[in-house]
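Novice: Give me a model of this one.
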Amino acid sequence: MQNIKWTCKYFHELTPYELYDVVKLRNEVFVVEQNCVFQDADDKDQKCYHLMGFVDDELVAYARLVPAGVSYKYISIGRVVTSRKVRSKGAGKALLDMAISQCNLLFGEQSIKIGAQLYLKKFYEGFGFKQTSDIYDEDGIPHIKMLRTPVGSI
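Specialist: This is a model prediction of the structure:
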């Protein structure tokens, strides 16, 4: 998607409106669409960068960029989400491309670990992530751990 306007901010830089949009989109998808009751507010947001993609001032894509030591010993990308309005239009790929680029810019190029919903395994493999765990249940949804090592690393 060409018309997404990207911005990335540390938690304390978010405006109240941006924070509201983030919470709203995460709830729309993770709680309502996926019918999953879980505690989204996990005390990690305050330690993270927040990548937001807007189309016409509406938040349509989001990912949380997590420093090493917060979720894993590696840096991480989490809460990856796109609005139903932009799915199947390349927004998810654009979001993950931008998230990886921003992680490299913010933290230096290094390995990135994620907890991925199992049904998205092939999507993440397309970005160089490899499965590193057995399937596990997280909030009633099958997940796997995946790791992406920088190109040229062993």
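
Novice: Tell me where the model's unsure across this structure.
Specialist: Applying pLDDT under 70 to the chain flags the ranges 1-2, 31-32, 35-39, 152-154.

Novice: May I have the longest helix belonging to it as PDB, with CA atoms only?
Specialist: The longest helix of the chain (DSSP state H) is helix 91-107. Extracted as PDB, the C-alpha positions of helix 91-107 are listed here (Å, rounded to 0.1, in the frame of the first residue of the first chain):
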ATOM      1  CA  ALA A  91      -0.900  -3.400   4.400                       C
ATOM      2  CA  GLY A  92       0.400  -6.300   6.500                       C
ATOM      3  CA  LYS A  93       3.500  -6.700   4.300                       C
ATOM      4  CA  ALA A  94       4.100  -2.900   4.300                       C
ATOM      5  CA  LEU A  95       3.700  -2.900   8.100                       C
ATOM      6  CA  LEU A  96       6.200  -5.800   8.700                       C
ATOM      7  CA  ASP A  97       8.700  -4.300   6.300                       C
ATOM      8  CA  MET A  98       8.500  -1.000   8.100                       C
ATOM      9  CA  ALA A  99       8.600  -2.700  11.600                       C
ATOM     10  CA  ILE A 100      11.800  -4.500  10.700                       C
ATOM     11  CA  SER A 101      13.400  -1.400   9.200                       C
ATOM     12  CA  GLN A 102      12.500   0.700  12.300                       C
ATOM     13  CA  CYS A 103      13.900  -2.000  14.600                       C
ATOM     14  CA  ASN A 104      17.100  -1.900  12.700                       C
ATOM     15  CA  LEU A 105      17.200   1.900  12.800                       C
ATOM     16  CA  LEU A 106      16.300   2.100  16.600                       C
ATOM     17  CA  PHE A 107      18.200  -0.900  18.000                       C
END
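
Novice: Mind listing what's buried along it?
Specialist: For helix 91-107, a neighbour-count test (16 or more other Cβ atoms under 10 Å) marks 91, 92, 94, 95, 96, 98, 99, 100, 102, 103, 107 as buried. Using the backbone N, CA and C atoms, a C-beta is placed for each residue, glycine as well.
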